[in-house]
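Enquirer: the amino acid sequence is not available; the structure is as follows:
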């Protein structure tokens, strides 16, 4: 059992909370039973190390079974060691080290997608992870991070996705104009979400949402630039019927993705 929270091995795992260490190593942190379970179920080959407290394994014997099936040895650690490894205050008994696995942009469009989400310079980790989760839930074929977006493997992004990064292909570091060019070549209609756009209800009534679609979402603070909006086939806004000043980006993105999912399936 690992008992020393200051040991070199513990410190090397803890360093993965920093972007520089993730970029250099090509690895990232995974925390908590839900995320670890999803990784072992869908992409077990990516899990290089798995650390757990004995108590946590007693509560989640299915994780021990999945690790055994993947021929992955679990290393026992104390609560203090686990806390030193983890980025979050409450890792719930599990920390894993995984290999990064971004999808190439060309592969996203080679798969003939019907619904994708493009995140242009989305910086908030919680928003980014939640949109990946929403895209997964809505049955989207991929998510693409463009511009200076938050690191996909930031621990907060990973936690917010609740395992969805292992379900849906995600491309990172892409150029927006190149992505939109590829989207159109693949037969996708580009819809930009922005407050200056047409009412989503109107767009739904026109039947546009039933077509293969690439939704474009902008930065939380300044949205999409005018020149970026001009690159879209249509600019759409989610209407606010109450008195809220605005809508959270991840919430608006979830609405847009699900409207497309409903329309595509009903057609």
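Expert: Perfect, thanks for sending it. Quantities reported herein were computed from a predicted structural model and do not represent experimental measurements. Numbering: from 1, shown residues only.
Enquirer: which residues in the stretch 1-150 of the chain form helices?
Expert: Counting by DSSP state H, counting those that start in this stretch, the segments of the stretch 1-150 of the chain that form helices are 8-14, 19-25, 33-42, 54-59, 61-69, 79-85, 105-110, 125-137.
Enquirer: now the longest one: buried residues?
Expert: So that's helix 125-137. Neighbour counts over helix 125-137 (16 or more other CB atoms under 10 Å) mark 125, 126, 127, 128, 129, 130, 131, 132, 133, 134, 135, 136 as buried. Using the backbone N, CA and C atoms, a C-beta is placed for each residue, glycine as well.
Enquirer: export those as CSV, with columns for distance to residue 160.
Expert: Output for the buried residues of helix 125-137, formatted as CSV (distance: CB to CB, whole Å):
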residue, distance to residue 160
125, 6
126, 5
127, 8
128, 7
129, 2
130, 5
131, 9
132, 8
133, 7
134, 10
135, 12
136, 12
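Enquirer: nearest to residue 44, of those residues?
Expert: residue 136 (18.4 Å; CB to CB).
Enquirer: which strands and helices lie in contact with the top helix by length along the chain?
Expert: Longest helix of the chain, by residue count under DSSP state H: helix 249-266. When contacts are defined as 3 or more CB pairs under 8 Å, 6 or more residues apart in numbering; DSSP states H and E, helix 249-266 packs onto strand 115-120, helix 125-137, strand 189-199, helix 200-205, strand 213-217.
Enquirer: make TSV out of these and add mean pLDDT.
Expert: As requested, these are exported to TSV (pLDDT from 0 to 100):
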stretch	mean pLDDT
strand 115-120	98
helix 125-137	97
strand 189-199	96
helix 200-205	95
strand 213-217	98
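Enquirer: ok, which of these comes nearest residue 87?
Expert: Per CB to CB, nearest to residue 87 of these: helix 125-137, 10.5 Å.
Enquirer: residue 50 and residue 196, how far apart?
Expert: Residue 50 sits 48 Å away from residue 196, taking CB to CB, to the nearest Å as the criterion.
Enquirer: so which of these two has more stuff around it?
Expert: For residue 50 and residue 196, the more surrounded residue by other CB atoms under 10 Å is residue 50, and the numbers stand at 23 against 12.
Enquirer: show me what that one is bridged to.
Expert: residue 74, residue 96 (DSSP bridges).
Enquirer: for it, what are its contacts?
Expert: 36, 67, 72, 73, 74, 75, 94, 95, 96, 97 (CB atoms under 8 Å, 6 or more residues apart in numbering).
Enquirer: at 7 Å what do you get?
Expert: Applying CB atoms under 7 Å, 6 or more residues apart in numbering to residue 50 gives the contacts 36, 67, 72, 74, 75, 96.
Enquirer: got a pLDDT number for it?
Expert: Looking at residue 50, its pLDDT reads 98.
Enquirer: try residue 43
Expert: Reading off the confidence values, residue 43 has pLDDT 97.
Enquirer: run a quick neighbour tally on the residue nearest to it when sequence neighbours are not counted.
Expert: Excluding its sequence neighbours, the residue lying closest to residue 43 (CB to CB, 6 or more residues apart in numbering) is residue 166, at 4.9 Å. Using other CB under 10 Å, residue 166 has 22 neighbouring residues.
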